[in-house]
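Enquirer: with the sequence up front, the predicted model follows.
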Amino acid sequence: MPVSRYLVPAGTHRVTEEVKRSRFITTLARASGIPEAQAFVQQMRDEFPDATHHCWAYVVGPPATTAQIGMSDDGEPHGTAGPSMLNALLHADVGDVVAVVTRFYGGRNLGTGGLVRAYGSGVVRALETLPRVERIEFVNLSVAVDYAKVSGLEQLFPSFEVLVDDRRFDADVTFDLRLPDMQVAGFRTAVLDLTRGQARFGHDG
């Protein structure tokens, strides 16, 4: 079953570190899709046009999933930047995340090991202080009940994290609702129990 709720970055977050005179600026952001991740990489290039490198990695989807990942060493020796950055992201408890490490060369070579450590630790340090929010996939659902059952229905809403978009008062009362997809089955069962099977459910999406 797909993971419908997990932690994602609450916004753009940045840390800076100097290693042997080179300045490493690590910026994390939320990316709900690959085009969004690629656009953020370009945004960092535009923000720091005179930087030596803009190495990047992203994980789109729930934490630790590898269905939609990407990385780039952006001119650094092969395998020194992107893989260490991606590894840090895959071992974090956050999904839908893109990381860009912008490097300003300071005149001293770090060696391959030094580069791996610098790029990987930059992402790890940024993740340690990254503000997070929960991503929840909501489903739209309508339900019509008898007027006598409205109060009982509304009492169910908090337990199933239901949000009310609209109410329509006709022969019955119809509610247009949103709720986390993982709550839908339990909510349907509770409503049918409440109404002894008389509730009518409409579209969901």
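Expert: Perfect, I can see it now.
Enquirer: show me what the top helix by length along the chain is packed up against.
Expert: Secondary structure assigned by DSSP state H gives helix 111-128 as the longest helix of the chain. Under the contact criterion of 3 or more Cβ pairs under 8 Å, 6 or more residues apart in numbering; DSSP states H and E, helix 111-128 touches strand 13-19, strand 22-30, helix 82-90, strand 97-104. Placement of C-beta: from N, CA and C, glycine included.
Enquirer: and the helix or strand following that helix, what's buried?
Expert: Heading C-terminal from helix 111-128, the first helix or strand you meet, by DSSP states H and E, is strand 132-136. Buried residues in strand 132-136, counted by 16 or more other Cβ atoms under 10 Å: R132, R135.
Enquirer: for stretch 191-203, same thing?
Expert: Of the residues in stretch 191-203, V191, L194, T195, A199 count as buried by neighbour count, 16+ other Cβ under 10 Å.
Enquirer: quick one on the thing from earlier: same list, the helices and strands packed on helix 111-128, but as JSON lines with mean pLDDT and mean neighbour count please.
Expert: As requested, the helices and strands packed on helix 111-128 are arranged in JSON lines below (pLDDT from 0 to 100; neighbours: other Cβ atoms under 10 Å):
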{"stretch": "strand 13-19", "mean pLDDT": "89", "mean neighbour count": "16"}
{"stretch": "strand 22-30", "mean pLDDT": "93", "mean neighbour count": "23"}
{"stretch": "helix 82-90", "mean pLDDT": "94", "mean neighbour count": "20"}
{"stretch": "strand 97-104", "mean pLDDT": "94", "mean neighbour count": "26"}
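Enquirer: which one of those lies nearest to D170?
Expert: Comparison of these against D170 by Cβ to Cβ identifies strand 22-30 as nearest, at 41.0 Å.
Enquirer: tell me which of the helices and strands packed on helix 111-128 lies nearest to F187.
Expert: strand 22-30 (28.1 Å).
Enquirer: what lies in contact with the next helix or strand along the chain from that closest one?
Expert: Heading C-terminal from strand 22-30, the first helix or strand you meet, by DSSP H and E, is helix 34-47. Helix 34-47 has contacts (Cβ atoms under 8 Å, 6 or more residues apart in numbering) with 27, 29-31, 51, 54, 56, 58, 60, 68, 70, 72, 98, 100, 102.
Enquirer: re the thing from before, taking strand 13-19 as reference, get the angle to the longest helix of the chain.
Expert: 150 degrees (axes from the mean of the first three to the mean of the last three Cα atoms, to 10 degrees).
Enquirer: buried sites along helix 111-128?
Expert: For helix 111-128, by 16+ other Cβ under 10 Å, it's L115, V116, A118, Y119, G120, S121, G122, V123, V124, R125, A126, L127.
Enquirer: who touches the third one in this structure?
Expert: Counting by Cβ under 8 Å, 6+ apart, A118 touches E17, V19, S22, F24, L110.
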